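In: Based on what follows, work out the 3D shape:
(chains A, B, C and D)
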There are 2 protein chains.
Amino acid sequence: MLKVGRLADYGVLILHHLGRMRPVRLSMESLSEVTHLPLPTVRKVMKFLVDAELVVSKRGPNGGYQLARPPEKVNLAEAIAAVEGTLALTECCDAAGTCEIHDRCDLASRWPGVNAIVMRVLERTSLADLDRFGRHETHIPPPLRELMGAPPGGLGRS
Amino acid sequence: MLKVGRLADYGVLILHHLGRMRPVRLSMESLSEVTHLPLPTVRKVMKFLVDAELVVSKRGPNGGYQLARPPEKVNLAEAIAAVEGTLALTECCDAAGTCEIHDRCDLASRWPGVNAIVMRVLERTSLADLDRFGRHETHIPPPLRELMGAPPGGLGRS
DNA sequence: ATAATAGTATACCGCATGAGTATTGAATGC
DNA sequence: GCATTCAATACTCATGCGGTATACTATTAT
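Out: This next block holds a predicted model:
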(Lines give C-alpha, C1' and ligand atoms only; values in the text may rest on other atoms or scores of the structure.)
Protein backbone atom coordinates (compact mmCIF):
# COMPACT_ATOMS: atom_id res chain seq x y z
CA MET A 1 0.00 0.00 0.00
CA LEU A 2 3.07 2.19 -0.05
CA LYS A 3 2.25 3.74 3.23
CA VAL A 4 4.02 5.70 5.87
CA GLY A 5 3.42 4.39 9.36
CA ARG A 6 1.03 6.10 11.70
CA LEU A 7 3.75 7.24 14.03
CA ALA A 8 5.51 9.00 11.20
CA ASP A 9 2.23 10.53 10.20
CA TYR A 10 1.79 11.77 13.75
CA GLY A 11 5.31 13.12 13.61
CA VAL A 12 4.54 15.22 10.58
CA LEU A 13 1.33 16.39 12.13
CA ILE A 14 3.12 17.52 15.26
CA LEU A 15 5.94 19.15 13.36
CA HIS A 16 3.47 20.97 11.23
CA HIS A 17 1.68 22.27 14.24
CA LEU A 18 4.89 23.32 15.91
CA GLY A 19 5.74 25.13 12.73
CA ARG A 20 2.57 27.13 12.82
CA MET A 21 3.04 27.98 16.46
CA ARG A 22 6.65 28.96 16.25
CA PRO A 23 8.38 30.25 18.21
CA VAL A 24 5.97 29.32 20.97
CA ARG A 25 7.00 26.40 23.12
CA LEU A 26 4.50 23.60 23.58
CA SER A 27 4.44 20.90 26.22
CA MET A 28 3.69 17.29 25.42
CA GLU A 29 0.42 17.66 27.14
CA SER A 30 -0.57 20.61 24.98
CA LEU A 31 0.48 18.71 21.90
CA SER A 32 -1.53 15.75 23.01
CA GLU A 33 -4.60 17.89 23.39
CA VAL A 34 -4.33 19.83 20.20
CA THR A 35 -3.57 16.80 18.05
CA HIS A 36 -5.98 14.52 19.87
CA LEU A 37 -3.30 11.94 20.22
CA PRO A 38 -2.77 9.98 23.43
CA LEU A 39 0.01 11.36 25.58
CA PRO A 40 2.12 8.19 25.62
CA THR A 41 2.09 8.20 21.85
CA VAL A 42 3.19 11.80 21.73
CA ARG A 43 6.00 10.90 24.09
CA LYS A 44 7.23 8.22 21.78
CA VAL A 45 7.15 10.44 18.74
CA MET A 46 8.87 13.38 20.41
CA LYS A 47 11.83 11.26 21.31
CA PHE A 48 12.44 10.56 17.64
CA LEU A 49 12.02 14.17 16.69
CA VAL A 50 14.46 15.32 19.34
CA ASP A 51 17.01 12.68 18.36
CA ALA A 52 16.74 13.85 14.78
CA GLU A 53 17.21 17.42 15.95
CA LEU A 54 14.07 18.56 14.25
CA VAL A 55 12.78 20.02 17.49
CA VAL A 56 14.50 21.42 20.53
CA SER A 57 13.26 20.70 24.00
CA LYS A 58 13.40 22.55 27.24
CA ARG A 59 12.64 21.05 30.61
CA GLY A 60 11.18 22.34 33.78
CA PRO A 61 8.17 24.54 34.35
CA ASN A 62 7.23 26.27 31.16
CA GLY A 63 9.31 23.81 29.22
CA GLY A 64 8.25 22.13 26.02
CA TYR A 65 9.19 21.76 22.42
CA GLN A 66 9.72 24.07 19.54
CA LEU A 67 10.62 23.50 15.93
CA ALA A 68 14.37 23.71 15.49
CA ARG A 69 14.14 25.47 12.14
CA PRO A 70 11.60 27.51 10.29
CA PRO A 71 8.95 25.29 8.70
CA GLU A 72 10.21 26.12 5.23
CA LYS A 73 13.45 24.44 6.12
CA VAL A 74 12.01 21.15 7.30
CA ASN A 75 11.08 18.66 4.63
CA LEU A 76 8.88 15.61 4.65
CA ALA A 77 11.67 13.20 3.90
CA GLU A 78 13.58 14.03 7.04
CA ALA A 79 10.41 14.19 9.07
CA ILE A 80 9.40 10.71 8.06
CA ALA A 81 12.91 9.37 8.30
CA ALA A 82 13.20 10.73 11.82
CA VAL A 83 10.48 8.39 12.95
CA GLU A 84 10.84 5.43 10.65
CA GLY A 85 14.52 5.32 9.89
CA THR A 86 15.94 5.21 6.41
CA LEU A 87 13.37 5.60 3.69
CA ALA A 88 13.55 2.64 1.38
CA LEU A 89 10.92 1.54 -1.08
CA THR A 90 12.38 -1.93 -1.19
CA GLU A 91 15.08 -3.84 0.61
CA CYS A 92 17.35 -3.21 -2.35
CA CYS A 93 17.37 0.46 -1.44
CA ASP A 94 18.14 0.00 2.19
CA ALA A 95 21.75 0.07 3.22
CA ALA A 96 21.03 -2.68 5.71
CA GLY A 97 19.04 -4.61 3.16
CA THR A 98 18.89 -8.35 3.40
CA CYS A 99 17.14 -9.49 0.28
CA GLU A 100 17.84 -13.10 -0.54
CA ILE A 101 17.34 -12.60 -4.22
CA HIS A 102 19.50 -9.54 -4.45
CA ASP A 103 22.41 -11.05 -6.33
CA ARG A 104 20.27 -12.63 -8.97
CA CYS A 105 17.60 -9.96 -9.19
CA ASP A 106 17.26 -8.00 -12.40
CA LEU A 107 15.89 -5.01 -10.56
CA ALA A 108 18.21 -4.78 -7.60
CA SER A 109 20.15 -2.16 -9.46
CA ARG A 110 17.09 -0.30 -10.67
CA TRP A 111 14.99 0.23 -7.58
CA PRO A 112 17.40 2.67 -5.96
CA GLY A 113 16.88 5.02 -8.86
CA VAL A 114 13.14 4.98 -8.42
CA ASN A 115 13.60 5.32 -4.71
CA ALA A 116 15.77 8.37 -5.20
CA ILE A 117 13.13 10.14 -7.21
CA VAL A 118 10.40 9.54 -4.70
CA MET A 119 12.76 10.66 -2.00
CA ARG A 120 13.42 13.90 -3.78
CA VAL A 121 9.77 14.64 -4.06
CA LEU A 122 9.54 14.33 -0.31
CA GLU A 123 12.78 16.20 0.23
CA ARG A 124 11.55 19.14 -1.73
CA THR A 125 8.26 19.39 0.06
CA SER A 126 8.49 21.37 3.27
CA LEU A 127 6.16 21.64 6.21
CA ALA A 128 5.24 25.06 4.95
CA ASP A 129 4.40 23.64 1.55
CA LEU A 130 1.78 21.45 3.17
CA ASP A 131 -0.41 24.47 3.71
CA ARG A 132 -0.58 24.97 0.01
CA PHE A 133 -2.04 21.57 -0.65
CA GLY A 134 -5.78 21.55 -0.89
CA ARG A 135 -7.84 18.43 -0.87
CA HIS A 136 -8.54 18.27 -4.53
CA GLU A 137 -5.93 20.24 -6.28
CA THR A 138 -2.39 19.29 -6.66
CA HIS A 139 -0.30 22.27 -5.97
CA ILE A 140 3.29 21.63 -6.78
CA PRO A 141 5.89 23.36 -4.65
CA PRO A 142 8.30 25.44 -6.74
CA PRO A 143 11.40 23.45 -5.71
CA LEU A 144 9.66 20.40 -7.05
CA ARG A 145 8.82 21.95 -10.35
CA GLU A 146 12.42 22.78 -10.68
CA LEU A 147 13.40 19.23 -9.95
CA MET A 148 11.33 17.78 -12.69
CA GLY A 149 12.47 20.33 -15.20
CA ALA A 150 16.01 19.13 -14.89
CA PRO A 151 17.87 18.14 -18.02
CA PRO A 152 18.08 14.50 -19.09
CA GLY A 153 20.84 12.42 -17.67
CA GLY A 154 19.89 13.02 -14.12
CA LEU A 155 20.39 15.79 -11.69
CA GLY A 156 23.07 16.86 -9.39
CA ARG A 157 24.45 14.19 -7.24
CA SER A 158 24.84 10.70 -8.47
CA MET B 1 9.94 3.23 6.21
CA LEU B 2 7.79 4.09 3.24
CA LYS B 3 8.19 0.73 1.71
CA VAL B 4 6.39 -1.34 -0.82
CA GLY B 5 5.69 -4.88 0.32
CA ARG B 6 7.76 -7.78 -0.90
CA LEU B 7 4.92 -9.26 -2.89
CA ALA B 8 4.48 -6.04 -4.79
CA ASP B 9 8.19 -5.95 -5.38
CA TYR B 10 7.99 -9.47 -6.75
CA GLY B 11 5.13 -8.38 -8.91
CA VAL B 12 7.18 -5.65 -10.51
CA LEU B 13 10.08 -8.03 -10.96
CA ILE B 14 7.88 -10.53 -12.73
CA LEU B 15 6.18 -7.92 -14.87
CA HIS B 16 9.52 -6.53 -15.87
CA HIS B 17 10.71 -9.93 -16.90
CA LEU B 18 7.56 -10.65 -18.85
CA GLY B 19 8.09 -7.36 -20.58
CA ARG B 20 11.54 -8.30 -21.71
CA MET B 21 10.34 -11.66 -22.92
CA ARG B 22 7.28 -10.46 -24.74
CA PRO B 23 5.48 -11.89 -26.54
CA VAL B 24 6.75 -15.21 -25.28
CA ARG B 25 4.46 -16.98 -22.87
CA LEU B 26 5.98 -18.11 -19.59
CA SER B 27 4.65 -20.69 -17.16
CA MET B 28 4.64 -20.14 -13.45
CA GLU B 29 7.35 -22.68 -13.14
CA SER B 30 9.57 -20.85 -15.56
CA LEU B 31 8.92 -17.61 -13.76
CA SER B 32 9.73 -19.24 -10.48
CA GLU B 33 13.04 -20.44 -11.84
CA VAL B 34 14.13 -17.28 -13.51
CA THR B 35 13.17 -15.03 -10.62
CA HIS B 36 14.36 -17.46 -7.96
CA LEU B 37 11.09 -17.08 -6.15
CA PRO B 38 9.24 -20.05 -4.65
CA LEU B 39 6.48 -21.37 -6.85
CA PRO B 40 3.66 -20.84 -4.34
CA THR B 41 4.67 -17.22 -4.02
CA VAL B 42 4.62 -16.76 -7.76
CA ARG B 43 1.16 -18.27 -7.80
CA LYS B 44 -0.08 -15.75 -5.33
CA VAL B 45 1.38 -12.83 -7.19
CA MET B 46 0.12 -13.93 -10.58
CA LYS B 47 -3.43 -14.00 -9.36
CA PHE B 48 -3.22 -10.31 -8.53
CA LEU B 49 -1.65 -9.48 -11.85
CA VAL B 50 -4.32 -11.34 -13.75
CA ASP B 51 -7.12 -9.73 -11.77
CA ALA B 52 -5.63 -6.36 -12.57
CA GLU B 53 -5.44 -7.35 -16.21
CA LEU B 54 -1.78 -6.56 -16.42
CA VAL B 55 -1.04 -10.02 -17.73
CA VAL B 56 -3.09 -12.44 -19.72
CA SER B 57 -3.05 -16.11 -18.92
CA LYS B 58 -3.59 -19.20 -20.93
CA ARG B 59 -4.19 -22.64 -19.51
CA GLY B 60 -3.29 -26.06 -20.65
CA PRO B 61 -0.11 -27.38 -22.22
CA ASN B 62 2.09 -24.57 -23.37
CA GLY B 63 0.02 -22.20 -21.33
CA GLY B 64 1.42 -19.44 -19.20
CA TYR B 65 1.44 -15.71 -18.88
CA GLN B 66 2.30 -12.80 -21.03
CA LEU B 67 2.27 -9.10 -20.46
CA ALA B 68 -1.03 -7.63 -21.54
CA ARG B 69 0.52 -4.47 -22.94
CA PRO B 70 3.92 -3.40 -24.13
CA PRO B 71 6.21 -2.61 -21.21
CA GLU B 72 6.18 1.08 -22.05
CA LYS B 73 2.49 1.09 -21.31
CA VAL B 74 2.66 -0.45 -17.88
CA ASN B 75 3.57 1.84 -15.02
CA LEU B 76 4.80 1.21 -11.53
CA ALA B 77 1.77 2.68 -9.84
CA GLU B 78 -0.61 0.19 -11.36
CA ALA B 79 1.86 -2.62 -10.88
CA ILE B 80 2.14 -1.95 -7.19
CA ALA B 81 -1.54 -1.22 -6.79
CA ALA B 82 -2.36 -4.52 -8.46
CA VAL B 83 -0.74 -6.38 -5.60
CA GLU B 84 -1.27 -4.09 -2.67
CA GLY B 85 -4.51 -2.36 -3.46
CA THR B 86 -4.98 1.37 -3.47
CA LEU B 87 -1.80 3.31 -2.99
CA ALA B 88 -2.15 5.53 0.02
CA LEU B 89 0.64 7.18 1.93
CA THR B 90 -1.62 7.64 4.92
CA GLU B 91 -5.12 6.62 5.90
CA CYS B 92 -6.29 10.07 4.93
CA CYS B 93 -5.54 9.26 1.32
CA ASP B 94 -7.32 5.97 1.27
CA ALA B 95 -10.92 5.96 0.19
CA ALA B 96 -11.65 3.34 2.80
CA GLY B 97 -9.64 5.20 5.38
CA THR B 98 -10.58 4.89 9.00
CA CYS B 99 -8.46 7.42 10.80
CA GLU B 100 -9.86 8.32 14.16
CA ILE B 101 -8.31 11.75 14.12
CA HIS B 102 -9.47 12.55 10.62
CA ASP B 103 -12.11 15.13 11.50
CA ARG B 104 -9.89 17.07 13.79
CA CYS B 105 -6.65 16.63 11.92
CA ASP B 106 -4.99 19.66 10.36
CA LEU B 107 -3.37 17.57 7.70
CA ALA B 108 -6.20 15.33 6.64
CA SER B 109 -6.84 17.67 3.76
CA ARG B 110 -3.18 18.04 2.84
CA TRP B 111 -1.86 14.53 2.66
CA PRO B 112 -3.85 13.62 -0.45
CA GLY B 113 -1.98 16.30 -2.35
CA VAL B 114 1.36 14.87 -1.38
CA ASN B 115 0.08 11.43 -2.13
CA ALA B 116 -0.99 12.51 -5.57
CA ILE B 117 2.46 13.74 -6.44
CA VAL B 118 4.18 10.60 -5.35
CA MET B 119 1.59 8.63 -7.24
CA ARG B 120 2.32 10.55 -10.38
CA VAL B 121 5.97 9.83 -10.14
CA LEU B 122 5.13 6.17 -10.07
CA GLU B 123 2.49 6.51 -12.75
CA ARG B 124 4.90 8.08 -15.13
CA THR B 125 7.57 5.49 -14.68
CA SER B 126 7.04 2.47 -16.90
CA LEU B 127 8.49 -0.98 -16.79
CA ALA B 128 10.59 0.00 -19.76
CA ASP B 129 11.90 3.04 -17.92
CA LEU B 130 13.30 0.76 -15.27
CA ASP B 131 15.98 -0.33 -17.67
CA ARG B 132 17.23 3.18 -17.79
CA PHE B 133 17.88 3.36 -14.09
CA GLY B 134 21.40 2.53 -13.17
CA ARG B 135 22.50 1.86 -9.67
CA HIS B 136 24.03 5.21 -9.00
CA GLU B 137 22.57 7.67 -11.38
CA THR B 138 19.14 9.09 -11.24
CA HIS B 139 17.76 9.11 -14.68
CA ILE B 140 14.42 10.80 -14.92
CA PRO B 141 12.04 9.42 -17.52
CA PRO B 142 10.90 12.07 -20.00
CA PRO B 143 7.21 11.82 -19.09
CA LEU B 144 8.19 12.65 -15.56
CA ARG B 145 10.20 15.67 -16.51
CA GLU B 146 7.21 16.91 -18.35
CA LEU B 147 4.84 16.20 -15.52
CA MET B 148 5.63 18.97 -13.19
CA GLY B 149 4.82 21.70 -15.58
CA ALA B 150 8.34 22.83 -16.18
CA PRO B 151 8.36 26.17 -17.92
CA PRO B 152 9.24 26.11 -21.61
CA GLY B 153 12.91 26.27 -22.22
CA GLY B 154 13.49 24.41 -19.02
CA LEU B 155 15.31 25.47 -15.95
CA GLY B 156 18.86 24.95 -15.06
CA ARG B 157 19.46 22.29 -12.58
CA SER B 158 19.48 23.35 -8.97
C1' DA C 1 16.27 24.17 49.13
C1' DT C 2 12.33 22.33 47.59
C1' DA C 3 8.46 21.21 45.05
C1' DA C 4 6.28 21.27 40.86
C1' DT C 5 6.75 20.74 36.15
C1' DA C 6 7.92 18.45 32.19
C1' DG C 7 11.01 15.77 29.35
C1' DT C 8 13.71 10.91 29.12
C1' DA C 9 14.21 6.11 29.08
C1' DT C 10 12.60 1.26 29.18
C1' DA C 11 10.02 -2.39 28.96
C1' DC C 12 5.97 -4.85 27.77
C1' DC C 13 1.81 -6.56 25.32
C1' DG C 14 -1.35 -7.84 21.76
C1' DC C 15 -3.07 -7.66 17.46
C1' DA C 16 -3.11 -6.86 12.65
C1' DT C 17 -0.62 -7.58 8.57
C1' DG C 18 1.68 -9.87 5.26
C1' DA C 19 4.68 -13.59 3.84
C1' DG C 20 4.87 -18.12 2.79
C1' DT C 21 2.62 -22.84 2.00
C1' DA C 22 -0.51 -26.61 0.83
C1' DT C 23 -4.44 -28.64 -1.37
C1' DT C 24 -7.92 -29.21 -4.39
C1' DG C 25 -10.44 -27.79 -8.57
C1' DA C 26 -11.08 -26.25 -13.36
C1' DA C 27 -9.77 -25.35 -18.11
C1' DT C 28 -7.15 -26.32 -22.30
C1' DG C 29 -5.02 -28.90 -25.97
C1' DC C 30 -3.19 -33.01 -28.03
C1' DG D 1 -8.98 -38.80 -21.63
C1' DC D 2 -4.89 -37.55 -19.99
C1' DA D 3 -1.19 -34.46 -19.20
C1' DT D 4 -0.36 -29.88 -18.40
C1' DT D 5 -0.96 -25.59 -16.45
C1' DC D 6 -3.65 -21.93 -14.35
C1' DA D 7 -7.36 -20.81 -10.46
C1' DA D 8 -9.24 -20.64 -5.92
C1' DT D 9 -9.32 -21.20 -1.17
C1' DA D 10 -7.82 -21.83 3.24
C1' DC D 11 -4.34 -22.00 6.68
C1' DT D 12 -0.13 -21.11 9.55
C1' DC D 13 3.32 -18.38 11.29
C1' DA D 14 6.28 -14.69 12.39
C1' DT D 15 7.23 -10.05 12.45
C1' DG D 16 6.31 -5.32 13.20
C1' DC D 17 4.02 -1.75 14.94
C1' DG D 18 0.88 0.73 17.49
C1' DG D 19 -0.30 1.48 21.91
C1' DT D 20 0.51 1.73 26.98
C1' DA D 21 2.56 1.82 31.60
C1' DT D 22 6.02 3.19 34.80
C1' DA D 23 9.86 4.89 36.86
C1' DC D 24 13.57 8.35 36.47
C1' DT D 25 16.05 12.71 35.67
C1' DA D 26 16.62 17.43 34.65
C1' DT D 27 15.16 22.29 35.14
C1' DT D 28 13.31 26.29 37.14
C1' DA D 29 10.21 29.28 39.96
C1' DT D 30 9.63 30.62 44.40
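In: pLDDT below threshold where in chain A?
Out: Applying pLDDT under 70 to chain A flags residues A:96-97, A:134-158.
In: let's see it at 80
Out: Chain A contains residues with pLDDT under 80 at A:1, A:95-100, A:133-158.
In: can you list contacts of the longest helix that it contains?
Out: In chain A, assigned by DSSP state H, the helix with the most residues is helix A:6-21. Applying C-beta atoms under 8 Å, 6 or more residues apart in numbering or on different chains, the set of residues contacting helix A:6-21 from outside is A:26, A:31, A:34-35, A:37, A:41-42, A:44-46, A:48-49, A:54-55, A:65-67, A:70-71, A:74, A:76, A:79-80, A:82-84, A:127-128, A:130, B:90-91, B:101, B:105-107, B:111. Yep, even glycine has a C-beta here, placed from its N, CA and C like the rest.
In: Hmm, A:E72 is touching A:R124, no?
Out: No. Using C-beta atoms under 8 Å, A:E72 is not in contact with A:R124; the gap is 11.5 Å.
In: out of the contacts of helix A:6-21, who's near DNA strand C?
Out: With C-beta under 7 Å from any atom of the strand as the criterion, the contacts of helix A:6-21 include A:L26, A:K44, A:M46, A:Y65 near DNA strand C.
In: Pull the most distant pair out of the residues you listed.
Out: A:L26 and A:K44 (16.5 Å; C-beta to C-beta).
In: Which one of the two is surrounded by more residues?
Out: A:L26 (21 against 15; other C-beta atoms under 10 Å in any protein chain shown).
In: what separates the more buried one from A:L15, distance-wise?
Out: From A:L26 across to A:L15, the span is 11 Å (C-beta to C-beta, to the nearest Å).
In: that older thread, for PyMOL, write a command that selects the buried ones of the contacts of helix A:6-21.
Out: The PyMOL command for the buried members of these (criterion: 16 or more other C-beta atoms under 10 Å in any protein chain shown) is given here:
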select buried, (chain A and resi 26+31+35+37+42+45+46+48+49+54+55+65+66+67+71+74+76+79+80+82+83+84+127+128+130) or (chain B and resi 90+91+101+105+107+111)
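In: So which of the contacts of helix A:6-21 sit within helices?
Out: A:31, A:34-35, A:41-42, A:44-46, A:48-49, A:76, A:79-80, A:82-84, A:127-128, A:130, B:111.
In: circling back: which of the residues in the longest helix of chain A are buried?
Out: So for helix A:6-21, counting by 16+ other C-beta under 10 Å, buried means A:6, A:8-19, A:21.
In: Looking at the residues you listed, which is nearest A:A116?
Out: A:A8 (19.4 Å).
In: Can you tell me the closest non-neighbouring residue to the closest one?
Out: A:V83 (4.1 Å; C-beta to C-beta, 6 or more residues apart in numbering or on different chains).
In: hang on, that neighbour packs against A:V45?
Out: Yes. In this structure, A:V83 is within contact of A:V45 by C-beta under 8 Å, at 6.6 Å.
In: Which members of the ones in helices among the contacts of helix A:6-21 additionally contact DNA strand D?
Out: Within these, those near DNA strand D by C-beta under 7 Å from any atom of the strand are A:T41, A:K44, A:E84.
In: What is the nearest of the residues you listed to B:A116?
Out: Among these, and counting by C-beta to C-beta, the member closest to B:A116 is A:E84, at 21.1 Å.
In: Please list all residues in contact with the closest one.
Out: By C-beta under 8 Å, 6+ apart, the contact list for A:E84 reads A:V4, A:G5, A:L7, A:A8, B:M1, B:L2.
In: Of the residues you listed, which pair is most distant in space?
Out: A:L7 and B:L2 (12.5 Å).
In: Good, we can wrap up now.
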